[in-house]
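Student: no sequence for this one, just the structure:
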C-alpha cells in the first residue's frame, strides 16, 4: 500500500532555516515530489527527486534517500510569504500519493 | 510548467442538483488528466484518472456513477457531480502531467473548484 508521513505543523522565524521531513512507503516508486499550497489555492510544484541526494533550487532544497524511504524539504532565509502547507507526494506508477501536508507558520 | 485552467472557481448549489467542472490544458495536449478532491485540512485524494477517448479509471471507493468524467478532447476533461449532497462539498482539483525540467515529469494543478452544496 501507500503511506506518507509528515509533521502536521511547524513554526519558524523569518530569516531562519526550516527542514520538513517526510517518510514514505509506496509500490513502484518513481519519484518524490514537494508542493506548496496556500490556503484556498491549488498546490504548486516545488521539487522532484528520483535519485538519492540533494537538489538545490534557490532558497529551497530537497533531499531523498530511497533506501530509507525518507525525504526532506529545506527552506532557507524564510519569508513571511513562505507560510503555507507543504505537501510531500510519492510517485508510484502514474499516480501521486500525497501526505496530509505540513502547515508552516513563519513568524517575525 | 504546464498551464491548467478550471471553471468555475466556485459554485454553490442546492442538494440534488448536478454540477459540471471543466478542466482545460492550455499549453499542450493532455492524454491523461487527474481529478483530486481535498477536504479542509486534509490531503489531496485522487478520485480518478481521466483518459482521452476512453473510460476514466476510478480509485477505490469513488462512485463512478456519481462522479462522471468525460475526456472528449486532448485539452478538456470534465467532472460532473451528479445529485450533489452536502457531503460532496469539497475542493476539486484537476491536474495534468508536465515536464519539471529535462525529462523529469511531474503533475501541474489547476486552480481548483470549491463546491458548496446546501
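Tutor: Structure received. Fair warning: this is a prediction, and the values are worked out from it, not measured in the lab.
Student: going forward, measure contacts and count neighbours with C-alpha atoms only.
Tutor: OK.
Student: Spell out which parts of chain B neighbour chain A.
Tutor: By the rule CA under 8 Å from any CA of the partner chain, the part of chain B lying against chain A is B:41-46, B:93, B:100, B:104, B:106-112.
Student: Could I get the contacting residues of the residue nearest to residue B:73 when sequence neighbours are not counted?
Tutor: When the adjacent residues along the chain are set aside, residue B:73 lies closest to residue B:52, with 6.1 Å between them (CA to CA, 6 or more residues apart in numbering or on different chains). Contacts were defined as CA atoms under 8 Å, 6 or more residues apart in numbering or on different chains; by that measure residue B:52 touches B:30, B:31, B:32, B:71, B:72, B:73, B:74.
Student: Distance from stretch B:97-117 to the middle of the chain?
Tutor: Its chain's C-alpha centre lies 10 Å from the corresponding centre of stretch B:97-117 when counted by CA atoms, centre = their mean, to the nearest Å.
Student: how long is it from one end to the other?
Tutor: Using CA to CA, to the nearest Å, the span of stretch B:97-117 from its first residue to its last is 30 Å.
Student: Likewise for stretch B:27-46?
Tutor: One end of stretch B:27-46 to the other measures 23 Å (CA to CA).
Student: And for whichever residue of chain B sits closest to chain A, the neighbour number?
Tutor: Nearest residue of chain B to chain A (CA to the nearest CA) works out as residue B:43 at 4.2 Å. Neighbouring residues of residue B:43 were enumerated by other CA atoms under 10 Å in any protein chain shown; the total is 18.
Student: Could you check the pLDDT of it?
Tutor: Per-residue confidence (pLDDT) for residue B:43: 87.
Student: three-state assignment of it?
Tutor: The three-state label given to residue B:43 by DSSP: H, G, I helix; E, B strand; the rest coil is coil.
Student: residues in contact with the nearest residue to it once chain neighbours are set aside?
Tutor: In this structure, residue B:43 finds its nearest non-sequential neighbour in residue A:100, 4.2 Å apart by CA to CA, 6+ apart. Applying CA under 8 Å, 6+ apart, one finds that residue A:100 lies in contact with A:4, A:5, A:6, A:8, A:87, A:88, B:41, B:42, B:43, B:44.
Student: Need the pLDDT of residue A:100.
Tutor: For residue A:100, the pLDDT comes out at 91.
Student: Can you give me the distance of the closest residue to residue A:26 other than its chain neighbours to residue A:104?
Tutor: In space, not counting the residues next to it along the chain, residue A:26 is nearest to residue A:2; the distance is 4.5 Å by CA to CA, 6+ apart. Distance check for residue A:2 against residue A:104: by CA to CA, it reads 24 Å.
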